[in-house]
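1. predicted coordinates and the sequence they were generated for:
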Amino acid sequence: AQTVTQSQPEMSVQEAETVTLSCTYDTSESDYYLFWYKQPPSRQMILVIRQEAYKQQNATENRFSVNFQKAAKSFSLKISDSQLGDAAMYFCAYRSPNTGNQFYFGTGTSLTVIP
Amino acid sequence: DVKVTQSSRYLVKRTGEKVFLECVQDMDHENMFWYRQDPGLGLRLIYFSYDVKMKEKGDIPEGYSVSREKKERFSLILESASTNQTSMYLCASGTPGQGVPGANVLTFGAGSRLTVL
């Protein structure tokens, strides 16, 4: 099974500043999908951003962008102009098209936004 | 928007009880998943289903079973609950394929927090 590693259990950022959450993964596949999901306290998990491995261009969604380095198997999430509503647990996830639609999740990074 | 509804937000059960966690999605998704979420362990896949009456074991299926009699409904069953099954359970659905809007993306329910005493 693929493994997804988030080495930062907790991170904090000042409001309006930028923060980067790290994610690495282990795979021998060349085609796959990567995701960042956000889980606010006591609320539903929602998709933040996704990246197809065959695309070289890094995905962006408003204040959220990724740094996808395929050779290094790294997929970091950058949050710009951090807002109080960004406080949440963030999960990195990997999906292979070859393993029965399974998704593999990291252990999560808890982000605190300091006013 | 896709909606995934989990029937119970909070449950408290006794050791040995049979527990049913229900999940319903309203977007005709082929794939449905049950995850268990524990602090420091992330999300671990219990079972998933890619079609009615079809199921596949995930990483931690022991002590659990599932049922998918209708496409929109995926149930997780704890035949005899134990204290080590105290956890948050997340249901998700998704659709495979290429070029389909929303394909290869999971949509989650709000979660069911189970406490086994």
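-> That came through fine.
2. B:S112 and B:V12 touch, don't they?
-> No. If you go by C-beta atoms under 8 Å, B:S112 and B:V12 don't touch, sitting 11.5 Å apart. Every C-beta, even on glycine, is put in place using the N, C-alpha and C of the backbone.
3. contact residues of chain B facing chain A?
-> Residues of chain B lying close to chain A by C-beta under 8 Å from any C-beta of the partner chain are B:31, B:33, B:35, B:40-45, B:48, B:50, B:56, B:58-59, B:90, B:92, B:94, B:96, B:104-111.
4. let's see it at 6 Å
-> Where chain B comes near chain A, counting by C-beta under 6 Å from any C-beta of the partner chain, the residues are B:31, B:42-43, B:56, B:96, B:104-106, B:108, B:110.
5. okay, B:S112 and B:V12: which has more neighbours?
-> B:S112 (22 against 11; other C-beta atoms under 10 Å in any protein chain shown).
6. contacts only, for that one.
-> B:6, B:8, B:21, B:89 (C-beta atoms under 6 Å, 6 or more residues apart in numbering or on different chains).
7. related to what we said a few turns ago, of the residues of chain B next to chain A, grab the buried ones for ChimeraX.
-> Remark: buried members of the residues of chain B next to chain A, expressed as a ChimeraX selection using 16 or more other C-beta atoms under 10 Å in any protein chain shown:
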select /B:31,42,43,56,104,105,106,108
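8. which is the next helix or strand following the longest strand along chain B?
-> Using DSSP state E to define each element, chain B has its longest strand at strand B:42-51. Using DSSP states H and E, the helix or strand that follows strand B:42-51 in sequence is strand B:54-57.
9. contacts for that following strand next, please.
-> By C-beta under 6 Å, 6+ apart, strand B:54-57 touches A:100, B:47-49, B:66.
10. and that strand, which strands flank it?
-> strand B:42-51 (antiparallel) (DSSP bridges).
11. for the strand it pairs with, buried residues please.
-> B:42-50.
12. name the nearest residue to B:F74, ignoring sequence neighbours.
-> B:M32 (3.9 Å; C-beta to C-beta, 6 or more residues apart in numbering or on different chains).
13. quick one on the thing from earlier: in a markdown table, list the contacts of B:S112 along with secondary structure, neighbour count and pLDDT.
-> Output for those, formatted as a markdown table (DSSP: H, G, I helix; E, B strand; the rest coil; neighbours: other C-beta atoms under 10 Å in any protein chain shown; pLDDT from 0 to 100):
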| residue | secondary structure | neighbour count | pLDDT |
| --- | --- | --- | --- |
| B:Q6 | strand | 19 | 95 |
| B:S8 | coil | 14 | 88 |
| B:L21 | strand | 21 | 97 |
| B:Y89 | strand | 24 | 97 |
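14. for chain A, which spans come out with low pLDDT?
-> Per-residue confidence for chain A (pLDDT under 70) gives these ranges: A:1, A:99-101.
15. let's see it at 80
-> A:1-2, A:97-102 (pLDDT under 80).
16. same deal with chain B?
-> B:1-2, B:95-104.
17. centroid residue for it?
-> B:W34 (2.5 Å; C-alpha atoms, centre = their mean).
18. one more: chain A?
-> Note: chain A centre (C-alpha atoms, centre = their mean) maps to A:W36, 3.2 Å.
19. test my guess that it contacts A:L47.
-> No. Counting by C-beta atoms under 6 Å, A:W36 stays clear of A:L47, with 7.8 Å between them.
20. for burial, what's the neighbour tally of the closest residue to B:D38 other than its chain neighbours?
-> Nearest non-adjacent residue to B:D38, counting by C-beta to C-beta, 6+ apart: B:S87, 5.5 Å away. The number of residues packed near B:S87 is 20, by other C-beta under 10 Å.
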